[in-house]
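Q: coords please:
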Amino acid sequence: MTEGFNVSDNSSIAPVILPIALDNCQNSAAGDAAAGKLASSEGFFRLTVEDFCENAIEIIKQVMQKGDRIILQQAGEDIAAIVLEEEFHKLDYLMAELKPSQFFPDEEEYYEDEGGIHCIYPDQLLEDFDNILADVKEFDELFGLLPTEEMGENIDIFISVVILMSVDRFWVPEYLIAEKARMKMLG
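A: Now for the predicted structure:
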């Protein structure tokens, strides 16, 4: 399934549905969290930034408990994704497998430039939402959203469970998948 076209490298961009979440792929309206304003697609929901801000706690809770994936839109453009932390790590691993490093293994650690994940509470996110969204979009920053006690019992409130990331990290370009398959056939 092709979701869009990447003008910068003339490739298609396809959303990846990870195996762990195939049982969580909701293809019907999500209902309560955004009062029916979630636009459904295969394995994720699209939601405007304004709708997210109105119901942030409920939406984060839905992602945390049901494993939903949310794509945030601003002016009709996909700009950010909200996923479970486990799915973020799987996407990161998948990209590392598809796109090998330009460095030798002994150089990798030296050149590795992975920024940290900024852990914040949902109320902090909402207070500075425009600036945080700009950092996510422009600088590919990652924000881990910490659960609050009102989100449920038996949760560790000091470990992020949901990641707000650039939509570019959510989509995996088809050319990478095709190139990996081609290399596997040759080798």
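Q: Just the pLDDT at the closest residue to Gln74 other than its chain neighbours, thanks.
A: The spatially closest residue to Gln74, leaving aside those adjacent along the chain, is Val49, at 4.8 Å (CB to CB, 6 or more residues apart in numbering). Placement of C-beta: from N, CA and C, glycine included. Here, the pLDDT recorded for Val49 equals 96.
Q: Val49 against Leu72, yeah?
A: Yes. Taking contacts as CB atoms under 8 Å, Val49 lies within contact range of Leu72: 5.5 Å.
Q: Would you state the strands of the chain in chain order?
A: Counting by DSSP state E, one finds strands in the chain at the ranges 4-6, 11-15, 39-40, 45-48, 70-74, 77-84, 117-120, 142-145, 162-166, 171-173.
Q: Now do the shared contacts for Val49 and Leu72.
A: The overlap between the contact sets of Val49 and Leu72 (CB atoms under 8 Å, 6 or more residues apart in numbering) consists of 79, 133.
Q: So which of the two has more stuff around it?
A: Of the pair Val49 and Leu72, Leu72 is the one with more neighbours under other CB atoms under 10 Å, namely 24 against 16.
Q: Please list all residues in contact with that one.
A: Leu72 sits next to 47-49, 52, 78-82, 133, 167 when contact means CB under 8 Å, 6+ apart.
Q: which residues does the closest residue to Gly144 other than its chain neighbours contact?
A: The shortest distance from Gly144 to any residue other than its chain neighbours is 2.7 Å, reached at Ser160 (CB to CB, 6+ apart). Contacts for Ser160 (CB under 8 Å, 6+ apart) come out as 85, 117, 119, 144-146.
Q: Got a ChimeraX select line for the buried ones in these?
A: To isolate the buried subset of these in ChimeraX, counting by 16 or more other CB atoms under 10 Å, use the following:
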select :85,117,144,145,146
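Q: ok so, going back, looking at the strands of the chain, which one is packed in the most?
A: strand 162-166 (a mean of 24; mean count of other CB atoms under 10 Å).
Q: Just the pLDDT for Leu22.
A: 31.
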